[in-house]
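> Structure, please.
(one chain, ligands or ions: 1)
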Amino acid sequence: MNVFLNPEIAHSYDDYYQSDFGKQVDNIEQDIIGALIKELRGSEMLELGCGTGHWSNYFVKKGFSVTGIDISNAMLDIAMNKKVNARLKIGDAQNIPFRDQSVQIISSITMLEFVDDQDKVINEIWRVLKKDGWLILGCLNKNSIIGINKQHDESFRDATFLSVTDIKAKLEKFEILQIKSGVYLTTDYQILDGKEANKDVEPVFIGILAQKK
Ligand SMILES: C[S@@+](CC[C@H](N)C(=O)[O-])C[C@H]1O[C@@H](n2cnc3c(N)ncnc32)[C@H](O)[C@@H]1O
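Alright, predicted model coming up:
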């Protein structure tokens, strides 16, 4: 279920990115996605679930020409007010408003968890991607502390988090080129990345680079 249709949740969404915790997590996630996009050829990118444009802005700064779609007017309004240098429009990732095999790169960061039908989205990505086109996904790990405690969080309660195994199964038609993960959190949400102690917990953020072969 998509809680981001709720204007109150949409309006508080970017506050997270401004918090100390959010900034640290964002840096780790940007390193992960940054490593994955180094492999890409081409610059036209369709971003699914662009939300308030945080990652749209990131991809634009990395040199991509971004078209972002999101199903929430409330989230898109915020992105548009930021004047992100991308084409942003309303659209449903379960019914992508693009022709078959028309897109070279599709990205989607932490959207899949919030759609009603994840398999429908994956099928749509397959339909719209050109042969040899790339998919960059950022997902929240079901087995991380955030996934395990999700029922305590208003935004995550009704979301469907995935594990690395789940994601691999969903992307079975694709060739998975790289999986990178990070944001290792203790039970009291201390960030462990870069420290020795991260061996016992699963990371929160999973980045995947896959290709339609
Ligand atoms: C957690 S937010 C992520 C936003 C942005 N990608 C980011 O990482 O900051 C999830 C976004 O997915 C969008 N979303 C949920 N279901 C969708 C769908 N079926 N089609 C397009 N966007 C969807 C929500 O409206 C929301 O903006």
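> any idea how far K23 is from D153?
According to C-beta to C-beta, to the nearest Å, K23 stands 19 Å off from D153. C-betas here are computed from N, CA, C, even on glycine.
> try L177
For L177 relative to D153 (C-beta to C-beta), the value is 32 Å.
> Name the residues of the helix or strand M75 falls within that are buried.
Taking DSSP states H and E as the criterion, M75 maps to helix 73-81. Neighbour-count burial for helix 73-81 flags 74-76, 78-79 (criterion: 16 or more other C-beta atoms under 10 Å).
> Up against the ligand, what does the chain have?
2, 4, 48-51, 54-55, 69-72, 75, 92-94, 109-111, 114-115 (C-beta under 6 Å from any ligand atom).
> Out of those, name the ones that lie in strands.
Judged by DSSP state E, strands contain the following of the residues of the chain next to the ligand: 48, 69-70, 109.
> what sits up against the helix holding M75?
If you take C-beta atoms under 8 Å, 6 or more residues apart in numbering as the criterion, helix 73-81 is touched by 4-7, 9-11, 13-14, 50-53, 56, 68, 70, 88-90.
> same deal with stretch 147-158?
Stretch 147-158 is touched from outside by 1, 3-4, 9, 113, 140-141, 146, 159, 161, 204, with contacts defined as C-beta under 8 Å, 6+ apart.
> Just the terminal-to-terminal distance for it.
For stretch 147-158, the first-to-last residue distance is 11 Å (C-alpha to C-alpha, to the nearest Å).
> Pull out the buried residues from it.
147, 150, 155-156.
> cool, and stretch 113-125?
Quick answer for stretch 113-125 (16+ other C-beta under 10 Å): 113-115, 118, 121-122, 124-125.
> Output the contacts of stretch 147-158 as TSV; include the columns pLDDT.
Below are the contacts of stretch 147-158 laid out as TSV (pLDDT from 0 to 100):
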residue	pLDDT
M1	72
V3	93
F4	95
I9	93
E113	96
L140	98
N141	98
I146	95
A159	96
F161	97
V204	97
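> Of these, which belong to helices?
Residues of the contacts of stretch 147-158 located in helices (DSSP state H): 9, 146.
> Near V164, how many other residues are there?
Neighbours of V164 under the rule other C-beta atoms under 10 Å: 18.
> Not counting sequence-adjacent ones, nearest residue to it?
Spatial nearest neighbour of V164, chain neighbours left out: I206 (6.0 Å); criterion: C-beta to C-beta, 6 or more residues apart in numbering.
> Could you measure from the one you found over to D166?
As judged by C-beta to C-beta, I206 and D166 stand 10 Å apart.
> Just want to know which of the two has more residues nearby.
I206 (26 against 17).
> In helices only, show me the buried residues of stretch 113-125.
Per DSSP H, the subset of the buried residues of stretch 113-125 in helices is 118, 121-122, 124-125.
> distance of the residue of the chain found nearest the ligand from K131?
Per C-beta to the nearest ligand atom, G51 is where the chain lies closest to the ligand, at 2.5 Å. G51 sits at a distance of 29 Å from K131 (criterion: C-beta to C-beta).
> on that earlier part again, just the buried residues out of the contacts of stretch 147-158, in PyMOL syntax.
Applying 16+ other C-beta under 10 Å to the contacts of stretch 147-158 leaves a buried subset, and the PyMOL line that selects it is:
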select buried, resi 3+4+9+113+140+141+146+159+161+204
